[in-house]
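Chemist: test case, fold it:
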Amino acid sequence: MQKHLSEIWIYPVKSLSGIRMKQARVLEKGLEHDRRFMLVDQDNRFITQREYPELALFDTEISDNLLRITHRLNKQAISLPLLPLERKVFTASIWNDAVSVSEVDVRASAWFSDQLKFNCRLVFFPEKNLRPVDRAYAIGNEQVSLADGYPFLIIGQASLDDLNTRLDEPVEITRFRPNFVFTGGEPYEEDHWNNFSIGTVRFAGVKNCARCVLITVNPATGTKGVEPLRTLSGYRRKNGKVYFGQNAVALAPGTIYEGDSIQSA
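Modeler: Reported below is the predicted structural model:
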């Protein structure tokens, strides 16, 4: 069955809402502008929807080399350069990784602190900074941005459709924050992809994606529930973890387009 790229997503700020793209540049760390920003707390530790589901209420858009962030409820907004000037560098943590980042500016940090009602800072991760993917799953010496662990995540529409037949209320693909969604093929076939190409760009599937409570956050409301993690736990659990989607690395840079054909092996 023919497979095609049906959706492309980037998430400029880690754990904020994403942007659907018609085309995107594939870079080693991930799609261009994908998770190059994040929020950190007073201990310089990353902040996500796991603890603060209301982060889902911040919408993002890119225009004229600016990143505009708008709170969906109160409509307050702020605009930032997509490539901020690098200021004083410090170390922040994502899971067990230490990364070198710099604060975007005090104005942006104050804006987020005011919106969230606690002190936090918005930081930027320049393209030149290093953060290797887990060596156990690397193909070469691949790097990753501020994503949880890998540069790319791909999910089949058939996999989501199968999940939704098992749920009382269907969920959207945005729950799972993929970079790539494809049509065609069988449910969960991406689990077994070792190599695949999107258009002319080649990728390697390196690890099934383990899921957590973040997928229980409704991206439309910023509230937590129990699904779809509870249902997935009933049939997608292995070795104590629940899997949905495939993590990947790029084997070469390039540009992909919505509608591109996908070849897998």
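Chemist: neighbours of the residue nearest to Gly199 when sequence neighbours are not counted, just the number please.
Modeler: Of all residues not flanking Gly199 in the chain, Asp260 sits nearest, at 3.7 Å (CB to CB, 6 or more residues apart in numbering). Backbone N, C-alpha and C define where each C-beta goes, glycine included. Close neighbours of Asp260, defined as other CB atoms under 10 Å, add up to 20.
Chemist: who are the contact partners of Asp260?
Modeler: With contact set as CB atoms under 8 Å, 6 or more residues apart in numbering, Asp260 has these partners: 4-5, 198-199.
Chemist: any idea how far Glu7 is from it?
Modeler: 11 Å (CB to CB, to the nearest Å).
Chemist: picking up where we left off before, in PyMOL, how would I select just the buried ones from the contacts of Asp260?
Modeler: The PyMOL selection below is limited to those of the contacts of Asp260 classed as buried (16 or more other CB atoms under 10 Å):
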select buried, resi 5+198+199
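Chemist: in a markdown table, list the contacts of Asp260 along with secondary structure.
Modeler: Output for these, formatted as a markdown table (DSSP: H, G, I helix; E, B strand; the rest coil):
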| residue | secondary structure |
| --- | --- |
| His4 | strand |
| Leu5 | strand |
| Ile198 | strand |
| Gly199 | coil |
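Chemist: the residue lying closest to Ala56 once chain neighbours are set aside - how many residues pack around it?
Modeler: Counting by CB to CB, 6+ apart, the nearest residue to Ala56 once its immediate chain neighbours are dropped is Gly222, at 4.2 Å. Using other CB under 10 Å, the number of residues around Gly222 comes to 18.
Chemist: do Tyr188 as well
Modeler: Burial measure for Tyr188: 19 neighbouring residues, criterion other CB under 10 Å.
Chemist: make JSON lines from the contacts of Asp260 and add pLDDT to it.
Modeler: Output for those, formatted as JSON lines (pLDDT from 0 to 100):
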{"residue": "His4", "pLDDT": "98"}
{"residue": "Leu5", "pLDDT": "98"}
{"residue": "Ile198", "pLDDT": "98"}
{"residue": "Gly199", "pLDDT": "98"}
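Chemist: what's the closest of the contacts of Asp260 to Leu232?
Modeler: Comparing those against Leu232 with CB to CB places Leu5 closest, at 23.8 Å.
Chemist: hang on, isn't that closest one packed against Gln263?
Modeler: No: taking contact to mean CB atoms under 8 Å, the distance of 11.3 Å between Leu5 and Gln263 leaves them out of contact.
Chemist: show me where the stretch 101-250 of the chain has its strands.
Modeler: Here the stretch 101-250 of the chain has its strands, by DSSP state E, counting those that start in this stretch, at 121-124, 152-156, 180-183, 195-198, 201-211, 217-218, 223-224, 237-238, 241-250.
Chemist: right, and those - which one's nearest Leu27?
Modeler: Closest to Leu27 of those is strand 241-250 (CB to CB; 7.5 Å).
Chemist: contacting residues around the closest residue to Asp134 other than its chain neighbours?
Modeler: What sits nearest to Asp134 in space, not counting adjacent residues and going by CB to CB, 6+ apart, is Gly149, at 6.2 Å. Contact analysis of Gly149 by CB under 8 Å, 6+ apart lists 95, 133-134, 247.
Chemist: can you select the buried ones among those residues for me in PyMOL?
Modeler: Under the burial definition 16+ other CB under 10 Å, those of the contacts of Gly149 that qualify are selected in PyMOL by:
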select buried, resi 133+247
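Chemist: tell me what the helix or strand hosting Arg25 is packed against?
Modeler: Assessed by DSSP states H and E, Arg25 sits inside strand 23-27. Contact here means 3 or more CB pairs under 8 Å, 6 or more residues apart in numbering; DSSP states H and E; on that basis strand 23-27 packs against strand 3-10, strand 254-257.
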